[in-house]
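Visitor: all I have is the shape, not the residue letters:
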């Protein structure tokens, strides 16, 4: 038997292929189906089953495309209300891969329709749990993403109580030797305390996972709900798209317009400039947002731009343009790209650099805008009296920023502040500066 983990660092997303006796199952596949198809072919196997542990909020799945390409069956909980052809997979249901069995476990808590998949070997021994977003290494799935999305909605308190029941009645009943394979690692917004480790065991989680230490429901509910990270704009959209099934990946990417270099952006359309900060400062189109290409680009794209909002991408060269389009497609955002352009050699707007010495000596001469997340802000307020507006809320709250003195924008490391300064500047007559990496000196 083969268990192969596929890991996308950008979205901190783990998916899996299980192969036994030349039969394969894929669990929680990413948008691009090709890596799974290549791996299965390399191992002379045939795809028999595609399992979705729930309709994901943070990425778009290729389950429907894989089924259309291979004829494999998609298995999901009956609670999901899937709009694509599927078979239900709930408590008591089994998929056989040769002499191993994949057993469904209904494990609500992150969502009402969450399932986990328990693998039993030929002797009937419990060997592995593919836990989706129910159980992570060091954490469990956040309960606040289904209050307004999906086939079934539920308040966070209801789902937190369901998670308590899942832990007590399902997860704690498994053998301690069972290996845990979660759908996410550190950096995912589907939890708040995820380890960088990408596998664990039930025994380890019993000892070290904070969510397993509660014996009473109310304290657990309070602890689980507290201090969850922000919810990107695209999460509800992704849930609904995954419930329907996404268009084929390569065809969707091919449909994105790629005008020749020198083409001017359409007036009135939001511009996302993915070049580095220095290139953006040297020249950019008016009103462009400097959302730099990087390890978490797709998450920030889906946090700053709404799922129904047309936008134009600016990239430094053709190779980066292709990479950026593919990143956007991972969250279903390729559909609203009005055009993907290569940056012109000369663009009309220039950025301005801050006088750090002046700022250090006269911070009161500036309106300081802290665009970190609330959890970061509450841990440490770097500048007392700073205006606190997290980056995902900034475009909607620009009217709160006064224009009586220059503005200094900061985050925790420099990536977000570049975006923040570019969002704020077009609406103000005063200079807007980006503290950038210099924040580390404060």
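Guide: Nice, thanks for sending it over. These numbers were taken from a predicted model, which means no experiment stands behind them.
Visitor: isn't residue 398 up against residue 427?
Guide: Yes - here residue 398 reaches residue 427: they are 5.1 Å apart, a contact under CB atoms under 8 Å. Every C-beta, even on glycine, is put in place using the N, C-alpha and C of the backbone.
Visitor: where's the residue nearest the centre of the chain, which helix or strand?
Guide: Nearest to the geometric centre of the chain sits residue 58, at 3.7 Å (CA atoms, centre = their mean). According to DSSP states H and E, residue 58 maps onto no helix or strand at all.
Visitor: which residues touch it?
Guide: Taking CB atoms under 8 Å, 6 or more residues apart in numbering, we find residue 58 in contact with 11, 13, 184, 188, 189, 190, 232, 235, 238, 299, 331.
Visitor: which of those are buried?
Guide: 11, 13, 184, 188, 189, 190, 232, 235, 238, 299, 331 (16 or more other CB atoms under 10 Å).
Visitor: tell me the bridge partners for the second one.
Guide: According to DSSP bridges, the residues that bridge with residue 13 are residue 8, residue 184.
Visitor: this structure: helices as residue ranges?
Guide: Along the chain, the segments classed as helices by DSSP state H run 34-42, 63-70, 156-169, 202-208, 217-225, 235-244, 249-254, 277-282, 297-304, 318-330, 356-361, 374-379, 391-394, 415-424.
Visitor: want to try CSV for these, with mean pLDDT and distance to residue 110 as columns?
Guide: Rendered in CSV, the data for the helices of the chain read as follows (pLDDT from 0 to 100; distance: least, CB to CB, whole Å):
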stretch, mean pLDDT, distance to residue 110
helix 34-42, 98, 23
helix 63-70, 98, 18
helix 156-169, 97, 7
helix 202-208, 98, 15
helix 217-225, 98, 10
helix 235-244, 97, 12
helix 249-254, 98, 25
helix 277-282, 94, 36
helix 297-304, 97, 18
helix 318-330, 98, 20
helix 356-361, 95, 43
helix 374-379, 92, 19
helix 391-394, 97, 21
helix 415-424, 96, 26
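Visitor: tabulate the ones you listed in a markdown table, adding columns for distance to residue 106.
Guide: As requested, the helices of the chain are arranged in a markdown table below (distance: least, CB to CB, whole Å):
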| stretch | distance to residue 106 |
| --- | --- |
| helix 34-42 | 25 |
| helix 63-70 | 19 |
| helix 156-169 | 8 |
| helix 202-208 | 17 |
| helix 217-225 | 19 |
| helix 235-244 | 18 |
| helix 249-254 | 30 |
| helix 277-282 | 47 |
| helix 297-304 | 29 |
| helix 318-330 | 28 |
| helix 356-361 | 55 |
| helix 374-379 | 31 |
| helix 391-394 | 32 |
| helix 415-424 | 38 |
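Visitor: for residue 337, find the nearest of those.
Guide: With CB to CB as the measure, helix 318-330 is the member of those nearest residue 337 (6.4 Å).
Visitor: how many degrees apart are that closest one and helix 297-304 in direction?
Guide: If you take axes from the mean of the first three to the mean of the last three CA atoms, to 10 degrees, helix 318-330 sits at 60 degrees to helix 297-304.
Visitor: counting contacts, what elements does helix 318-330 pack onto?
Guide: helix 249-254, helix 297-304, strand 311-315, strand 337-342 (3 or more CB pairs under 8 Å, 6 or more residues apart in numbering; DSSP states H and E).
Visitor: list the strands paired with the last one, with their directions.
Guide: To tie it back to what came earlier, the one meant is strand 337-342. If you go by DSSP bridges, strand 337-342 pairs up with strand 311-315 (parallel).
Visitor: show me where the stretch 51-200 of the chain has its strands.
Guide: Using DSSP state E, counting those that start in this stretch, the strands found in the stretch 51-200 of the chain span residues 73-76, 87-88, 94-97, 100-106, 115-120, 126-132, 135-136, 139-140, 179-182, 200-201.
Visitor: looking at these, which is buried most?
Guide: Of all the strands of the stretch 51-200 of the chain, strand 135-136 has the most neighbours on average by mean count of other CB atoms under 10 Å, namely a mean of 32.
Visitor: what's next to that one, contact-wise?
Guide: By CB under 8 Å, 6+ apart, the surrounding residues in contact with strand 135-136 are 107, 116, 129, 141, 171, 180, 182, 184-185, 188, 190-191, 194-195, 205, 209.
Visitor: now swap in stretch 342-356 and tell me
Guide: Residues from elsewhere that reach stretch 342-356 (CB under 8 Å, 6+ apart): 261-262, 273, 275, 277, 279-286, 288, 314-318, 321, 408, 421-422, 431, 433-436, 438.
Visitor: same question, stretch 166-174
Guide: 105-109, 116, 118, 126, 129, 134-135, 140, 202, 205-206, 211-212.
Visitor: repeat the analysis, applying 10 Å as the threshold.
Guide: Residues outside stretch 166-174 that contact it (CB atoms under 10 Å, 6 or more residues apart in numbering): 91, 105-110, 114, 116, 118, 126, 129, 131, 134-135, 140-141, 159, 163, 178, 180, 201-203, 205-206, 209, 211-212, 214-215, 217, 220.
Visitor: mind putting the helices and strands packed on helix 318-330 in TSV, distance to residue 74 included?
Guide: Shown next, in TSV, are the helices and strands packed on helix 318-330 (distance: least, CB to CB, whole Å):
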stretch	distance to residue 74
helix 249-254	16
helix 297-304	24
strand 311-315	31
strand 337-342	28
